[in-house]
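A.B. asks: can't give you the sequence, but here's the structure:
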């Protein structure tokens, strides 16, 4: 049996103590049942006291994967983390002694129908570099199944109805990736086109209409990028509203004291976004000067983020409403692009390293503070911005004031 994964996946290797962040600081590290009992019975002289004093059972009944938890030490550090930021369990007992969580991060296994899919979490800096900086369009390969990952065994068979639904969703996801990799359009326009597809798909589903014709119609549109660009260019952007919305949210983000990396990033972005409400010209000048040049030259950064999101989150397979899932994706995208804009203004320009750091730090934070996306969604609703047409205005790129480059 084989698993499907993006072409970057087999290239990943942990860089250990040279990593600029740590997956052992600030996380809530769960232990599976077998690992918990192995640690509690272990008498290694360098570890037995820490096994005895820092591992506690959880109150989650019937969950063998979240059977216990490691209590973090001062500043959120794992008590098994050595001064050189290497794992004492791995060093003294070997990789086979690690819990499932520690042994597999940043790898993730998802099950779509009967197909296993592997991906990497962008919360890991090395994985983020590997995913985001690849200039070629992300491809996919099949690799042997990794038995150390959860969900390693797909179901034996699907009912005919489940099989048909699975095939349809596979076609939908393939079309979604095709839209997100349509490089004849700006990334923001691709994301708006995706919203239109999902809106039409859900409307047809609720009306019990045939769904393949919806997909076929959008496949046909991919062959007319100039027509799409002309239509999508008619959407009036709302850069000021987007900045105000996310800047307001930044001030309310509760970040733990140990997450200095993300707190510093937020403070810098907040300073970069300090425009007076009347300074619309200043916002656009900063956008043209500090943000647009880099992302016009490096559109693969945001493209790779979005394609990765589709794979890593089983988008839009997990729940029934594809439009609700699209809004959640937009919440992430608005937060990330606004933070990138703030960072670009603060540093007077963007670089590969800064783009990776911003997206990785945000992803790591969002993984701990799950309420943030809910807060963004609630704020959008309160500001009457949750309608897709209003969201499209927040996504739409500001009109360029620069003259088009002459042909060589």
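C.D. replies: Happy to help now that I have it. Here the structure is a predicted model, which means the values were calculated and not measured.
A.B. asks: so for the residue nearest in space to the middle of the chain, what's the pLDDT?
C.D. replies: Centroid check for the chain by CA atoms, centre = their mean gives residue 309 as the closest residue, at 4.9 Å. The model reports residue 309 with a pLDDT of 96.
A.B. asks: swap in residue 262?
C.D. replies: 85.
A.B. asks: how close does it sit to residue 269?
C.D. replies: 10 Å (CB to CB, to the nearest Å). The way it works is simple: take the backbone N, C-alpha and C, and place the C-beta from them, glycine included.
A.B. asks: again with residue 27
C.D. replies: On the measure of CB to CB, residue 27 and residue 269 end up 23 Å apart.
A.B. asks: between those two, who's got more neighbours?
C.D. replies: The residue with more neighbours, out of residue 27 and residue 269, is residue 269; 23 against 19, by other CB atoms under 10 Å.
A.B. asks: excluding its backbone neighbours, what's nearest that one?
C.D. replies: Using CB to CB, 6 or more residues apart in numbering and skipping residues adjacent in sequence, the residue nearest residue 269 is residue 342, 3.0 Å away.
A.B. asks: what about the chain, any weak spots by pLDDT?
C.D. replies: Within the chain, the set of residues satisfying pLDDT under 70 comprises 150-159, 161, 250-258, 275-280, 318-320, 369-370, 373, 401-408.
A.B. asks: now the strands for it?
C.D. replies: 2-6, 30-31, 55-57, 68-70, 107-112, 115-120, 140-144 (DSSP state E).
A.B. asks: biggest helix in the chain, by residue count?
C.D. replies: Looking across the chain with DSSP state H, the single longest helix is helix 322-346.
A.B. asks: which parts of it are buried?
C.D. replies: Under the neighbour-count criterion of 16 or more other CB atoms under 10 Å, helix 322-346 has 322, 325-346 buried.
A.B. asks: which helices and strands sit right next to that helix?
C.D. replies: helix 187-206, helix 239-250, helix 260-272, helix 280-286, helix 300-312, helix 352-368, helix 371-382, helix 388-395 (3 or more CB pairs under 8 Å, 6 or more residues apart in numbering; DSSP states H and E).
A.B. asks: just the buried positions in the first one, please.
C.D. replies: Just to be clear, that refers to helix 187-206. 187-198, 200-202, 204-205.
A.B. asks: what does it contact?
C.D. replies: Identification of contacts with helix 187-206 by CB atoms under 8 Å, 6 or more residues apart in numbering yields 172, 175-176, 179-180, 182, 185, 210-211, 213-215, 217-218, 221, 228-229, 232-233, 235, 295, 299, 302-303, 306, 316, 321-323, 325-326, 330, 333, 388, 391-392, 395-397.
A.B. asks: of those residues, just the buried ones, ChimeraX syntax please.
C.D. replies: Buried residues within these, by 16+ other CB under 10 Å, are selected in ChimeraX with:
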select :172,175,176,179,180,182,185,211,214,215,218,221,228,232,235,295,299,302,303,306,316,322,325,326,330,333,388,391,392,395,396,397
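A.B. asks: on that earlier part again, let me know which of the helices and strands packed on helix 322-346 is tucked in deepest.
C.D. replies: helix 300-312 (a mean of 22; mean count of other CB atoms under 10 Å).
A.B. asks: and that one, how far from the chain's centre?
C.D. replies: From the chain centre to the centre of helix 300-312 is a distance of 7 Å (CA atoms, centre = their mean, to the nearest Å).
A.B. asks: what's the angle between it and strand 107-112?
C.D. replies: 60 degrees (axes from the mean of the first three to the mean of the last three CA atoms, to 10 degrees).
A.B. asks: and the contacts of helix 300-312?
C.D. replies: In contact with helix 300-312 (CB under 8 Å, 6+ apart) are residues 6, 108, 110, 117, 119-122, 131-138, 173, 176-177, 180-181, 183, 187, 190-191, 295, 315, 329, 332-333, 336-337, 352, 355, 359.
A.B. asks: how about stretch 367-377?
C.D. replies: Counting by CB under 8 Å, 6+ apart, 26-28, 121, 123, 249, 252-254, 327-328, 331-332, 334-335, 365-366, 386 sit against stretch 367-377.
A.B. asks: now stretch 340-356
C.D. replies: 125, 128-129, 132-133, 243, 247, 250, 265, 268-273, 286-287, 289-291, 293-295, 298, 301, 358-359.
A.B. asks: that stretch: how far from the chain's middle?
C.D. replies: That offset, for stretch 340-356, works out to 18 Å (CA atoms, centre = their mean).
A.B. asks: for stretch 177-184, same thing?
C.D. replies: With CA atoms, centre = their mean, you get 18 Å for stretch 177-184.
A.B. asks: again, but for stretch 168-182
C.D. replies: 17 Å.
A.B. asks: now swap in stretch 289-303 and tell me
C.D. replies: 18 Å.
A.B. asks: would you mind measuring the gap between the ends of it?
C.D. replies: 22 Å (CA to CA, to the nearest Å).
A.B. asks: then stretch 64-72?
C.D. replies: 21 Å.
A.B. asks: list the buried ones in that stretch?
C.D. replies: 67, 68, 69, 70, 72.
A.B. asks: got it, and stretch 73-93?
C.D. replies: 76, 77, 78, 79, 80, 81, 85, 87, 88, 89, 90, 93.
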